[in-house]
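Engineer: Sequence and predicted structure are below.
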Amino acid sequence: MPERVVLAMSGGVDSSVAAVLLQRQGYDVVGLFMRTGAHGEPVAESRHRGCCSALDAGDARRVADRLGIPFYALDFEREFDRIIDYFADEYLAGRTPNPCVVCNTWLKFGQLWEFARQLGAGRIATGHYARIDVSSGAPRLLRAVDSDKDQSYVLFGIRREILGRLLFPIGGLTKPDVRALAREAGLGVAEKPDSVEICFVPDGDHAGLIRRRRPELETAGVIRDSSGTVVGEHSGYERFTIGQRKGLGVAAGARRFVLDIIPETREVVIGEPERLLAAGLIASRVNWLIDPPADGLSCTAKIRYRHPGAAARVTAEPDGGARVDFAEPQSAITPGQAVVFYDGAQVLGGGWIERAT
């Protein structure tokens, strides 16, 4: 009897091709679309921006029908509402959230696994660009073959005990390979554009969402330079993130970047780019995918999704956090973002940036 696997289907080309590959590998595939209630029916020209709209659900169902696999669309609106609350509250705390990491940790590899167990499935799968390696015995999370599409950074929060239950069928492929397979299989989503926005902010206006979510809060304030001089005003500090250069609303003769956000006084501090450099950081809530190092370890640490990674020394702390010391100072270490540790292609773990040091 074929082994059953539950596949998270978003309606995009990646998870659709994952379904094709799993079926070809002999699995009993069950498709699951997670309804989040994050936004209503989108206009046609914006359908590519999210990954959980009614149009996406229709695309996912059509792929499942073409492949002849069972398909479920489940309501996760209440659970997803927590993610939107997290998103708003992090910005209002002067931090920059990463909702994709939280969604993967709470929903796609939390609720998805629970649903799979209810169906008697021993594995779960997604269309993420990442790999699971079991050749050495203990399962390891690895970067994808396609470095431009690699999503291992946003997967660091997966519980170590379910790594061996995961399948990432497209992790060894490039994006052109995936689209070619979709065309070969006759899938209508073969040329569907990738998601490029946060799914619950399809218009890209995250500040507007926060205002609607927390209308009682006053966030307008002043902009100061690094000497403390007021150089302008702003309509809400939730519009800023550490390292931001554009959209400051301040005319300056030299380049200025956001250095700090102070929610208590609603101040935004700007200054020269060299002031963004820091030698290290403190992280909290570290999730280790290996045995936590007793005496620290040398690794490559990424401080945001598009960061190339930098040589660092990581020391685990008794409170579940970690101290990260970089070989060379890094720019724009941003509270609220994730720091993820690598040994070559392997993800060792990661945590949430609390502050630069």
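Structural biologist: Here it is on my side, so go on.

Engineer: need the helices for the chain, in chain order.
Structural biologist: Using DSSP state H, the helices of the chain run over residues 13-24, 54-67, 77-92, 99-103, 112-118, 175-184, 206-213.

Engineer: Now do Phe76 against Asn98, distance only.
Structural biologist: Applying Cβ to Cβ, to the nearest Å, the value for Phe76 to Asn98 is 19 Å. Just so you know, the C-beta spots here come from the backbone N, C-alpha and C atoms, and that holds for glycine as well.

Engineer: Where does pLDDT dip in the stretch 251-357 of the chain?
Structural biologist: Judged by pLDDT under 70, the stretch 251-357 of the chain has no weakly predicted residues.

Engineer: make it 90
Structural biologist: For the stretch 251-357 of the chain, the stretches with pLDDT under 90 are 251-255, 292-294.

Engineer: Quick check: nearest residue in space to Asp260, chain neighbours excluded?
Structural biologist: Taking Cβ to Cβ, 6 or more residues apart in numbering, and ignoring the residues beside it in sequence, Asp260 has Val269 as its nearest neighbour in space, at 4.1 Å.

Engineer: My error: substitute Ile162 in the last question.
Structural biologist: For Ile162, the closest residue by Cβ to Cβ, 6+ apart turns out to be Trp113, at 5.8 Å.

Engineer: What is the burial count for that neighbour?
Structural biologist: Per other Cβ atoms under 10 Å, the neighbour tally for Trp113 reads 20.

Engineer: One more: Asp65?
Structural biologist: By other Cβ under 10 Å, the residues close to Asp65 number 11.

Engineer: I'd like to know how many residues surround Pro176.
Structural biologist: Number of residues near Pro176 (other Cβ under 10 Å) recorded here: 9.

Engineer: Pull the contacting residues for Thr126.
Structural biologist: Leu7, Ala8, Ser15, Ala18, Lys108, Leu112, Leu166, Phe168 (Cβ atoms under 8 Å, 6 or more residues apart in numbering).

Engineer: returning to what we had before: to His234, which of the helices of the chain lies closest?
Structural biologist: Among the helices of the chain, helix 206-213 comes nearest to His234, with 10.5 Å by Cβ to Cβ.

Engineer: Would you mind listing the buried residues in that closest one?
Structural biologist: Across helix 206-213, burial judged by 16 or more other Cβ atoms under 10 Å covers His206, Ala207, Leu209, Ile210, Arg211.

Engineer: CA atoms only: put that helix into PDB for me.
Structural biologist: Taking C-alpha atoms only, helix 206-213 is exported to PDB below (Å, rounded to 0.1, in the frame of the first residue of the first chain):
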ATOM      1  CA  HIS A 206       1.600  47.200   5.700                       C
ATOM      2  CA  ALA A 207       1.200  50.500   7.600                       C
ATOM      3  CA  GLY A 208      -2.400  50.800   6.500                       C
ATOM      4  CA  LEU A 209      -3.100  47.300   7.700                       C
ATOM      5  CA  ILE A 210      -1.600  48.100  11.100                       C
ATOM      6  CA  ARG A 211      -3.600  51.300  11.400                       C
ATOM      7  CA  ARG A 212      -6.800  49.300  10.700                       C
ATOM      8  CA  ARG A 213      -5.700  46.600  13.100                       C
END
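
Engineer: which residues does the closest residue to Ala116 other than its chain neighbours contact?
Structural biologist: Nearest non-adjacent residue to Ala116, counting by Cβ to Cβ, 6+ apart: Val6, 4.0 Å away. For Val6, the contact set (Cβ under 8 Å, 6+ apart) comprises Val30, Gly31, Leu32, Leu112, Phe115, Ala116, Leu119, Ala121, Arg123, Ile124, Ala125.

Engineer: quick one on the thing from earlier: considering the buried residues of helix 206-213, which is situated nearest to Pro329?
Structural biologist: The shortest approach to Pro329 among those belongs to His206, at 28.8 Å (Cβ to Cβ).

Engineer: how much space between that closest one and Tyr129?
Structural biologist: Applying Cβ to Cβ to His206 and Tyr129 gives a distance of 24 Å.

Engineer: Likewise for Ile162?
Structural biologist: As judged by Cβ to Cβ, Ile162 and Tyr129 stand 19 Å apart.

Engineer: between the two, which one's more packed in?
Structural biologist: Tyr129 (25 against 16).

Engineer: sorry, back to before: can I get the buried residues of helix 206-213 in TSV including distance to Arg62?
Structural biologist: As requested, these are exported to TSV (distance: Cβ to Cβ, whole Å):
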residue	distance to Arg62
His206	31
Ala207	35
Leu209	30
Ile210	35
Arg211	37
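
Engineer: Can you tell me which of those residues is nearest Ala88?
Structural biologist: So of those, ranked by how close each gets to Ala88 (Cβ to Cβ), first place is Ile210, at 4.7 Å.

Engineer: mind listing the strands for the stretch 151-300 of the chain?
Structural biologist: 166-167, 221-225, 230-234, 257-262, 267-271, 277-288, 297-302 (DSSP state E, counting those that start in this stretch).

Engineer: Make JSON lines from those and add mean neighbour count and distance to Pro308 to it.
Structural biologist: Listed next are the strands of the stretch 151-300 of the chain as JSON lines, based on neighbours: other Cβ atoms under 10 Å; distance: least, Cβ to Cβ, whole Å:
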{"stretch": "strand 166-167", "mean neighbour count": "20", "distance to Pro308": "26"}
{"stretch": "strand 221-225", "mean neighbour count": "18", "distance to Pro308": "30"}
{"stretch": "strand 230-234", "mean neighbour count": "15", "distance to Pro308": "31"}
{"stretch": "strand 257-262", "mean neighbour count": "20", "distance to Pro308": "19"}
{"stretch": "strand 267-271", "mean neighbour count": "21", "distance to Pro308": "24"}
{"stretch": "strand 277-288", "mean neighbour count": "18", "distance to Pro308": "16"}
{"stretch": "strand 297-302", "mean neighbour count": "19", "distance to Pro308": "8"}
